[in-house]
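Undergrad: test case, fold it:
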Amino acid sequence: MTTELTLKNTVAEWLADPVGERLLTEMLAAAGATPKALTPARRLSLGKLVKLSRGKFPAEAAEALVTRAAELRAAGDTVPSSTAPSSTAPSSTAPSDTAQSTVGTTSAPEPAEWVEEISPGRFSGETVVVTGAASGIGRATASRVAREGGRVVAVDMTQAGLDELAADLAGALPEGAAVVPVVADITDSAAVARVVGAAGERVDALANVAGIMDRFAPVHSVDDATWEKVLAVNVTGTMKLLRAVVPGMLAAAEGRVVNVASEAGLRGSAAGAAYTASKHAVVGLTKNAAYMYTGTGVRVNAVAPGGVATGMQPRDVDEFGMGRVQAGMGIMADIAMPEQLAASITFLLSKDSTNVNGQILASDGGWSAA
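TA: You can find the predicted model right below:
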């Protein structure tokens with residue numbers, strides 16, 4: 001590559017350029033990482049990466065990279081530093097990265113960046129409960145439902161995040177749409193009752209998005225506190241919201257529920273024991289509820305995301321477990337934006353998903369097909 005590097009260039013384009021590769025390699029090395037860490041984000045522009053990082057990769061740092069790249073190019077300095085590898089070709093332990101590099105930079109052009117397209121009026125006149133609405137997939141889902149005309153009961157434990165969501169949408173919603181923030185712990189039955197109370201007489205759809213990660217610990221090292229908390233939020237909380245809204249849906253003979261599972265609900269190599277068990281349970285809960293309510297007008301489905309830029313990071317990661325999981329991530333598809341998952345979720349939340357029931361939609365870029 002000989003053209004100027006900007007925030008509009010993708011990560012793949014930066015890595016394909018000697019100057020860009022050098023700068024990204026040096027930046028990552030300072031954080032104890034290598035360019036392999038960027039593999040799932042290869043097709044995102046540098047500017048998009050800044051936005052999705054939610055402060056972890058600040059705009060100032062990205063702009064400094066652009067400035068430095070221009071300076072080095074002007075000086076004719078395109079030779080990688082002695083401490084940086086001469087290419088981003090990974091070691092033999094991750095052959096799939098090589099395939100991605102070949103496809104992404106030489107054999108074919110990079111696909112265009114996905115752009116969200118709103119379907120006006122799709123949720124007009126409907127009340128939709130969305131949990132985990134303060135950030136990530138939940139926030140993107142709540143935002144999209146509201147912009148498509150729905151009255152969103154936005155649930156989260158973080159008041160500041162809910163306030164930010166409401167502020168971002170202020171003045172941008174169609175007539176009849178609204179965001180009703182509710183601070184609630186979904187594992188608390190009294191809090192769940194407050195959510196249903198805020199929704200009012202009718203809940204047309206529920207998006208059970210709220211969830212937490214584990215430490216990637218295998219069963220021999222998972223601690224009781226982590227196990228109990230992950231199962232409480234990911235399974236019990238999901239069940240309690242589902243249990244709370246179904247009676248009204250049955251009375252109305254219509255309603256749609258979307259639970260958020262995970263790739264970890266489809267395989268054993270995507271997370272630790274607690275998270276994997278919890279998401280397998282979400283899949284089972286989804287299928288059981290779909291069967292139980294078949295023919296009533298109530299439909300229950302789930303979405304299983306792969307890698308998503310949500311900022312949800314585990315703490316005190318178990319090195320043994322993380323090492324095992326990373327060994328199987330060479331085939332992982334590109335990281336997705338929360339808005340891409342919201343597109344899948346809102347389809348299932350809408351009446352457009354008629355005749356879809358008890359399905360686990362793997363919205364993972366093809367990871368589960370490998």
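Undergrad: going by C-alpha atoms from here, please, whenever you check contacts or count neighbours.
TA: Fine.
Undergrad: remind me which residues of this protein are low pLDDT?
TA: Along the chain, the model assigns pLDDT under 70 to residues 1-2, 39-40, 52-54, 77-112, 307-315, 318, 320-334, 370.
Undergrad: how's it carved up into domains?
TA: Domain ranges of the chain: 11-77+90-107, 127-369, per automatic domain parsing.
Undergrad: closest one to W114 among the ones you listed?
TA: Of all those, the one in closest proximity to W114, counting by C-alpha to C-alpha, is domain 127-369 (8.1 Å).
Undergrad: quick one: distance of the closest one to the chain centre.
TA: Its chain's C-alpha centre and that of domain 127-369 lie 10 Å apart, by C-alpha atoms, centre = their mean, to the nearest Å.
Undergrad: how close does A225 get to A232?
TA: For A225, the distance to A232 (C-alpha to C-alpha, to the nearest Å) stands at 10 Å.
Undergrad: list the contacts of the helix of greatest length in the chain.
TA: Looking across the chain with DSSP state H, the single longest helix is helix 273-292. By C-alpha atoms under 8 Å, 6 or more residues apart in numbering, the residues outside helix 273-292 that reach it are 212-214, 216-219, 222, 226-227, 230-231, 234-235, 238-239, 259-262, 264-268, 270, 298-302, 357-360.
Undergrad: go with 6 Å
TA: With C-alpha atoms under 6 Å, 6 or more residues apart in numbering as the contact definition, helix 273-292 has outside contacts at 214, 218-219, 227, 231, 234-235, 261, 264-265, 299-300, 357-358.
Undergrad: most neighbours among the residues you listed, please name it.
TA: A261 (32 neighbours; other C-alpha atoms under 10 Å).
Undergrad: in this structure it contacts P305, no?
TA: No: contact between A261 and P305 fails when scored by C-alpha atoms under 6 Å: they sit 7.1 Å apart.
Undergrad: sorry, back to before: tell me the buried residues in the longest helix of the chain?
TA: With burial defined by 16 or more other C-alpha atoms under 10 Å, the residues of helix 273-292 counted as buried are 273-283, 285-287, 289-290.
Undergrad: try stretch 352-369
TA: Judged by neighbour count using 16+ other C-alpha under 10 Å, the buried positions of stretch 352-369 are N357, G358, Q359, I360, L361, A362, S363, D364, W367, S368.
Undergrad: same question for stretch 245-264.
TA: For stretch 245-264, the neighbour count (16+ other C-alpha under 10 Å) marks 245-246, 248-249, 254-264 as buried.
Undergrad: then stretch 342-351?
TA: Under the neighbour-count rule (16+ other C-alpha under 10 Å), stretch 342-351 has A342, A343, S344, I345, T346, L348, L349, S350, K351 buried.
Undergrad: and after the helix or strand hosting the second one, which helix or strand comes next?
TA: Following DSSP states H and E, the helix or strand that holds A343 is helix 338-349. Next along the chain after helix 338-349, taking DSSP H and E as the criterion, comes strand 360-363.
Undergrad: with only the CA atoms kept, save that next one in PDB.
TA: These are the backbone C-alpha positions of strand 360-363, laid out as PDB (Å, rounded to 0.1, in the frame of the first residue of the first chain):
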ATOM      1  CA  ILE A 360     -31.200 -20.700  18.000                       C
ATOM      2  CA  LEU A 361     -30.000 -18.200  15.400                       C
ATOM      3  CA  ALA A 362     -26.200 -18.300  15.300                       C
ATOM      4  CA  SER A 363     -25.400 -14.700  14.500                       C
END
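Undergrad: sheet partners, orientation included, of it?
TA: Sheet pairing here is set by DSSP bridges, and for strand 360-363 it gives strand 298-305 (parallel).
Undergrad: and the longest helix of the chain, C-alpha only, in PDB?
TA: What follows is the C-alpha trace of helix 273-292 in PDB, where atoms were taken according to Å, rounded to 0.1, in the frame of the first residue of the first chain:
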ATOM      1  CA  ALA A 273     -17.300 -23.900  32.600                       C
ATOM      2  CA  ALA A 274     -19.700 -21.500  34.200                       C
ATOM      3  CA  TYR A 275     -20.500 -19.400  31.200                       C
ATOM      4  CA  THR A 276     -20.700 -22.400  28.900                       C
ATOM      5  CA  ALA A 277     -23.100 -24.200  31.200                       C
ATOM      6  CA  SER A 278     -25.200 -21.100  31.600                       C
ATOM      7  CA  LYS A 279     -25.600 -20.500  27.900                       C
ATOM      8  CA  HIS A 280     -26.400 -24.200  27.200                       C
ATOM      9  CA  ALA A 281     -29.100 -23.800  29.800                       C
ATOM     10  CA  VAL A 282     -30.400 -20.700  28.000                       C
ATOM     11  CA  VAL A 283     -30.700 -22.800  24.800                       C
ATOM     12  CA  GLY A 284     -32.600 -25.500  26.700                       C
ATOM     13  CA  LEU A 285     -34.900 -23.000  28.300                       C
ATOM     14  CA  THR A 286     -35.600 -21.400  24.900                       C
ATOM     15  CA  LYS A 287     -36.400 -24.700  23.300                       C
ATOM     16  CA  ASN A 288     -38.600 -25.900  26.200                       C
ATOM     17  CA  ALA A 289     -40.600 -22.700  26.300                       C
ATOM     18  CA  ALA A 290     -41.000 -22.700  22.500                       C
ATOM     19  CA  TYR A 291     -42.400 -26.200  22.700                       C
ATOM     20  CA  MET A 292     -44.600 -25.500  25.700                       C
END
